Each structure stands twice: as C-alpha cells, then as structure tokens.
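>>> Quick one: sequence plus predicted model below, questions after.
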Amino acid sequence: DAPVGTLPPSLRFHAGGEHSIRGYGWREVGPRVGVQGQRFAVGARNVITASAEFEHYLNDRYGYAVFVDTGSAFNARPDMHTGVGVGLRWRSPVGPVRIDIARGLKDADSPFQIYLGLGAEL
C-alpha cells in the first residue's frame, strides 16, 4: 500500500459535510497535518459512512426529517464520528428544498452546522 502522501489529492477521501457526515464541517473528519500552528485536511486512503434518515410529509408540500450519520476517512484505523440532526422539507414549485441542522457528537463543544439543499439529491 502506498502512503497517502504519494496519492494525488484527487484520489484521497475526505469526510464531513452535507454529503457524508452532517454535523461536521466539510473535510473536517479525517487525517490532518499541522503547519505553522494550523491544521489542514490531507485526505485518506479509505472512507466509510452510513446514514439513517426518517422523512415524513405533513401534507403535499411540507415535511420534516430526523437523521443520524456516522463515518470516518482513515488510513489504518477508522476514528468514527457521528452527527445527529433534524430538517425541514418543502416541495417547492421549482423542486425540493431541504434545510438541515446537525451537530457532531464527538466533542461536547461541537458547533451546530446548517445545510441547505436545492433540487433533487444525486
């Protein structure tokens, strides 16, 4: 196995954010390096994520969701992070609108993250 430093950045995995682990910022979960007192995401060779979401519509247009996401981007052993949240759903005339608010559970001081989704999910 090649060390992650030899993999081009386009082939490295990251986790966190709207499309993997809500409750964590984009690329917040995974290996990081320190440079001059700052920490930067470098990506990893492996990624694992899982999500469970319950979505319910109250009428033809408005609904809500509750969800839990978990996962990790890692090289050797996963350091699992879990986020939980709630969301509002609206079937607008131009397509679905989703607003989610989530919080990571790994750190007690973790801030809330807000996500806005427009259009069909891919």
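That came through, no problem.
>>> Which strand or helix spans the residue sitting nearest the centre point of the chain?
The C-alpha lying nearest the average C-alpha coordinate of the chain belongs to residue 21 (C-alpha atoms, centre = their mean; 2.5 Å). Under DSSP states H and E, no helix or strand contains residue 21.
>>> Next: residue 117.
strand 112-118.
>>> With residue 72 instead?
Under DSSP H and E, the secondary-structure element containing residue 72 is strand 62-74.
>>> for that strand, packing partners?
For strand 62-74, the elements it packs on are strand 46-57, strand 81-92, strand 95-104, judged by 3 or more C-beta pairs under 8 Å, 6 or more residues apart in numbering; DSSP states H and E. Bear in mind the C-beta positions are built from the backbone N, C-alpha and C, glycine included.
>>> and residue 115, what is it in contact with?
For residue 115, the contact set (C-beta atoms under 8 Å, 6 or more residues apart in numbering) comprises 17, 18, 22, 87, 98, 99, 100, 101, 102.
>>> actually residue 60, not the one I wrote
Contact analysis of residue 60 by C-beta under 8 Å, 6+ apart lists residue 91.
>>> did I read that right, it in a strand?
No: assigned with DSSP: H, G, I helix; E, B strand; the rest coil, residue 60 falls outside any strand and is coil.
>>> how far away is it from residue 116?
Distance of residue 60 to residue 116, computed by C-beta to C-beta, to the nearest Å: 22 Å.
>>> Spatially nearest residue to residue 54 (excluding sequence neighbours)?
Distances taken as C-beta to C-beta, 6 or more residues apart in numbering put residue 66 closest to residue 54, at 5.2 Å, once the chain neighbours are dropped.
>>> Quick check: which ranges of the protein have low pLDDT?
1-5, 122 (pLDDT under 70).
>>> Apply 90 and report the result again.
Scanning the chain with the threshold set as pLDDT under 90 gives 1-10, 32-41, 107-110, 120-122.
>>> before we move on, back to that, I figured the residue nearest to residue 54 hits residue 89, correct?
No: using C-beta atoms under 8 Å, residue 66 makes no contact with residue 89, being 11.4 Å away.
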